[in-house]
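Pasting the sequence and the predicted coordinates here, then a few questions.
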Amino acid sequence: MSNMDPDASMPPAHRFGGAYLLALWQALGMQSSGKLKWLLAPSWGDVAFAVRSAFAAGLSLVIAMGMEMDSPQWAPLTVWVVAQSSRGESLSKARWRIAGTVLGCCVAVGLIAALPQSPALFFGVLACWIGLCCGMATFLEGYKAYGLVLTGFTSAIVATGAIMQPDQVFDIALSRGTYIVLGVVCEALLALLFMPGLHARARARLKTRLDAAQALVRKRVDCLVEGHLTTELDQSPLLGELTAAGSRIEYDALEAGGYGHMADHARAALAGLLVLLARAEGLATLKLLPADKVPTSIRKDEWAVREHVEACLSHRRGDRFRFRIRSRRHALEAVENGVRACAGILVGWLLWEVTAWPSGPTFMSLLALVYGLLATRENPVVASAPFFRGAVWCVLVAGVYVTLVLPALNTPEMLVLLMMVPMVIGGLAARNPATAGYAFSFNMFLPVLMGPNNQGRYDEVSFFNASLAFLGAVLVAGWTYRTVLPFRPDSHMLRTALWSSRQLQGLASANSRVSVYQWLSGNADSLVRIMRNAQGIALPRRNAFARQQFSGMVSGMHVILLRELALAPTTPPAVQRALRAFLRHWEHDDGTLVTRQAASTARWLERQVAHMPPQQQEIFEHALVSLRLLACAQPVDLP
């Protein structure tokens, strides 16, 4: 084998040109550490996601055109809707998308059949139905909420698409459903090819996630043992890590095959870490965390967490463990979301009715779709601005293809090949947090605005009409979110604080069924979500809210422990009466009266514990700690 330089046989000019291009690329790569790093120096994971999703979108388009479908562009749109960075997310979103599509198509057929000649009543009922779906989705988690929102805007897409030809509504509903299933299948097929060994890697990732969460909490407990107390927002990043890990559990379990009750044990482990953290905070407040040894209660919490982690990673026969936690949602938020969605559809219909716009059906379909897509975002007001900018880029790129590229093509395969460039760039942008909002609209609607068809192509007039309807739908949806009951983080924060205070009092009721896990997980999730959207609120107000929420988490845990002890049949009657008396004060009184009652009950219980058998002393010493902590609790008022 020759050891000569492979470039030696090249002419000097070629060697110089190659070196120059290499140096130029390296210089671009060094400069790409800023805004364009996602495009010029992407990671392998980003490239794999972009290429996989682009190929899946292209494959679905080729198949749809090969099957002579009337609107094949809806298939690649579904691919980009379903495509997620993890396979578990894609699986979860795909199954709820199919379920929502089926139900939405059935509702659309029923609406057209019941109200074919009454446009005002038809759109009124449709708007109320979409509002009901968006409102009820507020109470659901993850992609279940997405599936319910999808039901609403699928009904609008199918119904408005058939409003000019109501006798064809069943065929239109069937074709829309076919596009959805085709897009989901293509995305799943490409994901399987790009992700070999998925189950083993998912189990390893779940173990890493749980180990990292344990390490974070252990580090915080060690800081408390050393005497470093919580200050203002110290807990928010840690709670954010725990809630983020909790939101990923379902997807990791799906990727790993979901054997046994893997997700239930993983959720229980994370909830146990919250209990451990809250207990350590309470002990540190009372200065009961010795530096030389870990208290028994902390060791028991750690042991319970380890048990759930082991059960999560190993399949056990006969395991029937169940663990479900629902994060809090306010009924007022659900009403606001429903009214906002209803108003958006009615505004769109009024614009169509007043202007008699020939592209009105397209506008209404796109308005319902855009409204549903933005409704799945945590803060639609913030998401609407980058969504519109991405829509403008989408119109510009689609305009270039419609006017210059499509007229020169006569096969769908060449069209898909040439579409790979913008779709791969869009896929890379979707993986970059700074450009993900732009890519959200760009990727989904690029094939829709191109309007590929077997029988012909978009002319310029049709393209401009469709683009105007698309941009108008995005603007109307964004305007509605900003003007009709807009989401305000400050009012939401105040409402959450008042709601938490009422719930904290209600925990003392003997009829309350809220567990420690539910209380801590719900509060942690609420705190993290609000802090994520409260960057525009003054720092002192955010600090006060964080202190109030975490103080309420710790106090609520101890109130629940006292309530369970007061209801336990093994508790001595005298202790039961004393604890129930304190809990009645907690439920109906507030301020200094409650703290005094907690202090007096603690002094009485301390004398009782001294005369108890050793087996009971440990149990009621925990109750004594809870009472002392509640006696020290000070209310935090928002400025």
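Okay, I see it. Just so you know, these numbers come straight off a predicted model, no measurement behind them.

Next one: W74 relative to I172, how far apart?
11 Å (CB to CB, to the nearest Å). Heads up, the C-betas are built off the backbone N, CA and C, glycines and all.

And P486, by the same measure?
To I172, P486 is 34 Å away according to CB to CB.

Using PDB, write out every CA atom in the host helix or strand of L367.
Assigned by DSSP states H and E, L367 belongs to helix 360-375. C-alpha atoms of helix 360-375 as PDB (Å, rounded to 0.1, in the frame of the first residue of the first chain):
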ATOM      1  CA  GLY A 360     -63.400  31.700   2.900                       C
ATOM      2  CA  PRO A 361     -63.500  27.900   3.400                       C
ATOM      3  CA  THR A 362     -59.700  27.700   3.100                       C
ATOM      4  CA  PHE A 363     -59.400  30.600   5.500                       C
ATOM      5  CA  MET A 364     -61.700  28.900   8.100                       C
ATOM      6  CA  SER A 365     -59.900  25.500   7.800                       C
ATOM      7  CA  LEU A 366     -56.500  27.100   8.300                       C
ATOM      8  CA  LEU A 367     -57.800  29.300  11.100                       C
ATOM      9  CA  ALA A 368     -59.100  26.300  13.000                       C
ATOM     10  CA  LEU A 369     -55.800  24.400  12.400                       C
ATOM     11  CA  VAL A 370     -53.600  27.400  13.500                       C
ATOM     12  CA  TYR A 371     -55.800  28.000  16.500                       C
ATOM     13  CA  GLY A 372     -55.500  24.300  17.500                       C
ATOM     14  CA  LEU A 373     -51.800  24.300  17.000                       C
ATOM     15  CA  LEU A 374     -51.200  27.400  19.100                       C
ATOM     16  CA  ALA A 375     -53.600  26.100  21.800                       C
END
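
What is that helix packed up against?
Applying 3 or more CB pairs under 8 Å, 6 or more residues apart in numbering; DSSP states H and E, one finds that helix 360-375 contacts helix 119-137, helix 142-161, helix 331-355, helix 380-400, helix 436-450, helix 460-483.

repeat that with 6 Å
helix 142-161, helix 331-355, helix 380-400, helix 460-483 (3 or more CB pairs under 6 Å, 6 or more residues apart in numbering; DSSP states H and E).

any chance of the ones you listed in a markdown table, plus distance to K207?
Formatted as a markdown table, these follow (distance: least, CB to CB, whole Å):
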| stretch | distance to K207 |
| --- | --- |
| helix 142-161 | 22 |
| helix 331-355 | 36 |
| helix 380-400 | 33 |
| helix 460-483 | 40 |
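
can you put those in JSON lines and add distance to S512 and mean neighbour count?
Output for the helices and strands packed on helix 360-375, formatted as JSON lines (distance: least, CB to CB, whole Å; neighbours: other CB atoms under 10 Å):
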{"stretch": "helix 142-161", "distance to S512": "26", "mean neighbour count": "25"}
{"stretch": "helix 331-355", "distance to S512": "18", "mean neighbour count": "18"}
{"stretch": "helix 380-400", "distance to S512": "34", "mean neighbour count": "19"}
{"stretch": "helix 460-483", "distance to S512": "36", "mean neighbour count": "19"}
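
Out of the ones you listed, flag the one nearest P412.
helix 380-400 (16.5 Å; CB to CB).

re earlier: neighbour count winner among P486 and I172?
I172 (23 against 13; other CB atoms under 10 Å).

State the distance from the more buried one to P412.
22 Å.

Please tell me how far the residue nearest the centre of the chain sits from D252.
Residue closest to the average C-alpha location in the chain (CA atoms, centre = their mean): G142, at 5.3 Å. Distance, G142 to D252, using CB to CB: 13 Å.

could you list every residue that touches the closest residue to L346 other than its chain neighbours?
Nearest residue to L346, sequence neighbours excluded (CB to CB, 6 or more residues apart in numbering): A127, at 4.9 Å. Counting by CB atoms under 6 Å, 6 or more residues apart in numbering, A127 makes contact with 342, 345-346.

List the contacts of stretch 414-428.
With CB under 6 Å, 6+ apart as the criterion, stretch 414-428 contacts 38-39, 42, 46, 49-50, 53-54, 57-58, 61-62, 397, 405, 409, 439, 442-443, 452.

typed the wrong thing, it's stretch 246-261
Residues contacting stretch 246-261 (CB under 6 Å, 6+ apart): 86-89, 91, 198-199, 202-203, 205-206, 262-263, 266-267, 270, 315, 319, 321.

One more: stretch 391-403?
By CB under 6 Å, 6+ apart, stretch 391-403 touches 422, 441-442, 445-446, 449-450, 458, 463, 467, 471, 474.

Let's verify D319: helix, strand, or coil?
State at D319, reduced to three classes by DSSP: H, G, I helix; E, B strand; the rest coil: coil.

wait, I meant N454
coil.

ok, it to P412 distance?
With distances taken as CB to CB, N454 is found 8 Å from P412.

same thing with S175?
For S175, the distance to P412 (CB to CB) stands at 18 Å.

got it, and H558?
With CB to CB as the criterion, H558 and P412 are 66 Å apart.

So which of these two has more stuff around it?
Neighbour tally, H558 and P412, criterion other CB under 10 Å: the higher count belongs to H558, 24 against 19.

which secondary element of the protein has the worst mean pLDDT?
helix 12-31 (a mean of 50; mean pLDDT, DSSP states H and E).

follow-up on the earlier one: nearest approach to P361 belongs to which of the helices and strands packed on helix 360-375?
Taking the helices and strands packed on helix 360-375 one by one with CB to CB, helix 142-161 is closest: 5.1 Å.

can I have that closest one written out in PDB, keeping just the CAs?
Output of helix 142-161 as PDB, limited to C-alpha atoms (Å, rounded to 0.1, in the frame of the first residue of the first chain):
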ATOM      1  CA  GLY A 142     -49.400  15.900  27.700                       C
ATOM      2  CA  TYR A 143     -50.700  14.700  24.300                       C
ATOM      3  CA  LYS A 144     -54.100  13.700  25.800                       C
ATOM      4  CA  ALA A 145     -54.800  17.400  25.800                       C
ATOM      5  CA  TYR A 146     -53.500  17.700  22.300                       C
ATOM      6  CA  GLY A 147     -55.800  14.900  21.100                       C
ATOM      7  CA  LEU A 148     -58.800  16.600  22.500                       C
ATOM      8  CA  VAL A 149     -57.900  20.000  20.900                       C
ATOM      9  CA  LEU A 150     -57.200  18.100  17.700                       C
ATOM     10  CA  THR A 151     -60.800  16.700  17.800                       C
ATOM     11  CA  GLY A 152     -62.100  20.200  17.700                       C
ATOM     12  CA  PHE A 153     -60.100  21.600  14.900                       C
ATOM     13  CA  THR A 154     -60.400  18.400  12.800                       C
ATOM     14  CA  SER A 155     -64.100  18.900  13.000                       C
ATOM     15  CA  ALA A 156     -63.700  22.400  11.700                       C
ATOM     16  CA  ILE A 157     -61.300  21.400   8.900                       C
ATOM     17  CA  VAL A 158     -63.600  18.600   7.600                       C
ATOM     18  CA  ALA A 159     -66.800  20.600   8.000                       C
ATOM     19  CA  THR A 160     -65.600  23.800   6.400                       C
ATOM     20  CA  GLY A 161     -64.000  21.700   3.600                       C
END
